[in-house]
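*Asks:* Got a sequence here, can you build the structure:
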Amino acid sequence: MSIQKFGIALFASSMLATGASAASLNVAIDSSPAGLDPHLITAFNSVVVVQGNIYEGLTDINADLDVVPDLAKSWDVSEDGLSYTFKLHDGVTFHDGSTMDANDVAASIRRVQAEATGSPLASRVSPITGIEVVDATTVKLTLDAPFAPILSALAGIAIVPEELENDIEKLQQTPIGTGPFKFDEWQPNGYIALTKFDGYREDGLPKLDGVRVNFVPEAATRQVGLTSGDYDILPGIDPATALQLHAQPNVSVFDTRDVAYTLLGMNVTRGPLAEPKVRRAINMLLNRQEIIDGALFGAGVPGGPLSPALSSWALDTSEFDCYTPDVDGAKALLEEAGVDMPIKLSILVLPRQDARDISQVIQQQLAAGGIEVELVNKEIGEFVQDWRNSDFDMFVSANGGNPDPDQYFYRTFYSGGSTNVFQYDNPELNDLLDKGRSETDQAARKEIYDDVQRMLACEGPVAHLAYGNLFTAVNNKVEGFEIYPTGRLTSLVNATMK
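*Replies:* Predicted coordinates for the structure are as follows:
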């Protein structure tokens, strides 16, 4: 045997003996992120790269949707529920080598709160009125009223270096966090490369040498790449792709009930959409089961304002009378509203295959009631910008869910909420949402959010469509992967490669 062949054989036998190895893992998604700043991003392609991999918060949400410690190893709550004192882990460093301490935590929260930042997360920390750095590893947060979901809300607030508090440019291109992987390189039309952070606070983690997130526009190319081993994970795949990949012998398809949802959003400042009766009529024209069967291949359930995965919160959609398709009833309601017919509107479409398919079904369904719809397709950066600027009549999208109702409802539907792109203002709903976040009794909170769901379901600015199963396809070379209902790739910290 030649020396070269002997070396190859020795390497192969060594790999067989050690089993799983530290190696780089390849993820494939459909397009490049619009940005990487954890306090500004909203799109899945950005979140899947940074959240849980590059960045961490004081708390985290695990696979069971429970709040667990993260950068904060413990916390104490005052008897009146108005102050939370967090004790941080010692010796945590950022990817640039600087030490993470309580000053960085304080700066990160202020950064999200600042109007100049324009963070869509601002409503999550709006009840925090005081931030005191007690010492390097202790920070005390004071609230203006009891805020039941604060620990859950803080899981979404990434901690960034203090010196970037007033910089809203750098982190979009060069993220700096404390997570298990650090940013290495971004090839705009190719990939984002992350490398193992050797200074990570947990010994022995991460187990991978790195993660490369590849931008692969063609779904067929992503599928072939997964089965051939060029790619290791396809996160957040649509039901049709999941069905196809189920049959592949070297692929596992993980699924869980999704807290994310598909929706038809409506700008209430645009003509007839200002009229609640028109929004109710639109709901009556939607056949959600037809949307699920035609666009999601049957993989989903009709969606109300909260996911059925939140079993202690969500109302059954049978409570919402507008969810029964009724074309004649919708026409009568539009006539009663006194709007000029036919109504002509446009739908801004999220550049994802399921959103495109859903939009086409909705276009046909609304046409039956005399609502003519033009579909507007843009790339993800333009979509996000138009969404943030409320530059749409309607839009079809998929939004990430949250384990506590406040995290979705308050920022989305409260007047002036940080993601209230619908320009919706309902004083009665505002009052309920204020009560919901300050009420600490679980049964009383449930009653409040039941009323919120009933108020939003038929006449709110969002027609909730469906909650599907969340699918992620994984090549069998990968070990230690766990799917999270939030869609994040948090479990990559424990993953290995055969």
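
*Asks:* State the distance from the residue most central in space within the chain to A43.
*Replies:* For the chain, the residue nearest the mean C-alpha position is G400 (3.2 Å; C-alpha atoms, centre = their mean). Going from G400 to A43 by C-beta to C-beta, to the nearest Å gives 10 Å. For glycine as for every other residue, the C-beta is placed from the backbone atoms N, C-alpha and C.

*Asks:* Any stretches of this protein with poor pLDDT?
*Replies:* For the chain, applying pLDDT under 70 flags the ranges 1-22.

*Asks:* Longest helix in it, please.
*Replies:* What stands out as the longest helix in the chain, according to DSSP state H, is helix 442-459.

*Asks:* After that one, which helix or strand is next?
*Replies:* Of the helices and strands lying after helix 442-459 in sequence (DSSP states H and E), the nearest is strand 462-475.

*Asks:* With only the CA atoms kept, save that following strand in CSV.
*Replies:* Output in CSV follows, covering the C-alpha atoms of strand 462-475 (Å, rounded to 0.1, in the frame of the first residue of the first chain):
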residue,chain,number,x,y,z
VAL,A,462,-55.2,40.9,10.4
ALA,A,463,-57.1,37.9,9.0
HIS,A,464,-55.3,35.0,10.6
LEU,A,465,-55.2,32.2,8.1
ALA,A,466,-53.5,29.0,9.3
TYR,A,467,-51.1,27.5,11.8
GLY,A,468,-49.2,24.7,10.1
ASN,A,469,-46.6,22.2,11.2
LEU,A,470,-43.1,23.6,11.3
PHE,A,471,-40.8,21.4,9.2
THR,A,472,-37.1,21.2,9.1
ALA,A,473,-35.3,18.6,7.0
VAL,A,474,-31.9,17.3,8.2
ASN,A,475,-29.4,15.0,6.5
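
*Asks:* strands paired with it, and their directions?
*Replies:* According to DSSP bridges, strand 462-475 has the following sheet partners: strand 233-237 (antiparallel), strand 251-257 (antiparallel), strand 261-266 (antiparallel), strand 300-302 (antiparallel).

*Asks:* Can you name the next helix or strand after the third one?
*Replies:* Sequence order places helix 276-285 as the next helix or strand after strand 261-266, per DSSP H and E.

*Asks:* Contacts for that next one, please.
*Replies:* The contact list for helix 276-285, computed with C-beta atoms under 8 Å, 6 or more residues apart in numbering, reads 264, 266, 268, 272-273, 320, 322-327, 329-331, 333-334, 336-337, 339, 343, 365-366, 368-369, 371, 457-461, 463.

*Asks:* quick one, helices of the stretch 201-350 of the chain?
*Replies:* Here the stretch 201-350 of the chain has its helices, by DSSP state H, counting those that start in this stretch, at 219-228, 239-246, 276-285, 288-295, 327-337.

*Asks:* List phi and psi for Q364.
*Replies:* When read as degrees, to the nearest 10, the backbone of Q364 gives phi -70, psi -40.

*Asks:* Now do the same contact list for it.
*Replies:* Contacts of Q364 by C-beta under 8 Å, 6+ apart: none found.

*Asks:* Next, find the distance separating it from L65.
*Replies:* When C-beta to C-beta is the yardstick, Q364 and L65 sit 36 Å from each other.

*Asks:* Also S31?
*Replies:* Relative to L65, and taking C-beta to C-beta, S31 is found at 28 Å.

*Asks:* For F383, which residues are in contact?
*Replies:* Residues in contact with F383 (C-beta under 8 Å, 6+ apart) are L348, V349, L350, P351, F395.

*Asks:* hang on, the earlier thing: same list (the strands paired with strand 462-475) but as a markdown table, adding mean neighbour count.
*Replies:* Listed next are these as a markdown table, based on neighbours: other C-beta atoms under 10 Å:
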| stretch | mean neighbour count |
| --- | --- |
| strand 233-237 | 24 |
| strand 251-257 | 17 |
| strand 261-266 | 24 |
| strand 300-302 | 20 |
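
*Asks:* which one of those strands lies closest to A114?
*Replies:* Ranking the strands paired with strand 462-475 by proximity to A114 (C-beta to C-beta) places strand 261-266 first, at 25.9 Å.

*Asks:* tilt between that closest one and helix 288-295?
*Replies:* 110 degrees (axes from the mean of the first three to the mean of the last three C-alpha atoms, to 10 degrees).

*Asks:* Just give the nearest non-adjacent residue to I483, would you?
*Replies:* Excluding the flanking residues, the one nearest I483 by C-beta to C-beta, 6 or more residues apart in numbering is F254, at 4.0 Å.

*Asks:* wait, doesn't that neighbour sit right on N469?
*Replies:* No - at 9.9 Å, F254 does not count as touching N469 under the criterion of C-beta atoms under 8 Å.

*Asks:* who are the neighbours in contact with the closest residue to A457 other than its chain neighbours?
*Replies:* Computed as C-beta to C-beta, 6+ apart, the closest residue to A457 that is not its neighbour in sequence is F320, at 4.1 Å. Taking C-beta under 8 Å, 6+ apart, we find F320 in contact with N283, G304, R454, A457, C458.

*Asks:* number of nearby residues for the third one?
*Replies:* By the other C-beta atoms under 10 Å criterion, the neighbourhood of R454 contains 15 residues.

*Asks:* Disregarding residues adjacent in the polypeptide, which is nearest to it?
*Replies:* Spatial nearest neighbour of R454, excluding adjacent residues (C-beta to C-beta, 6+ apart): E319 at 6.8 Å.

*Asks:* ok, now the second one?
*Replies:* In space, not counting the residues next to it along the chain, G304 is nearest to T317; the distance is 4.7 Å by C-beta to C-beta, 6+ apart.

*Asks:* My guess is that neighbour contacts Y323. True?
*Replies:* Yes - T317 is within contact range of Y323, at 5.1 Å (criterion: C-beta under 8 Å).

*Asks:* and the two? which has more neighbours close in?
*Replies:* Y323 (22 against 19).

*Asks:* Now do the same contact list for that one.
*Replies:* Contact analysis of Y323 by C-beta under 8 Å, 6+ apart lists N283, R288, P302, G304, T317, A457, C458.

*Asks:* what about 10 Å?
*Replies:* Contact analysis of Y323 by C-beta atoms under 10 Å, 6 or more residues apart in numbering lists 283-284, 286-289, 302-304, 317, 457-458, 463-464.
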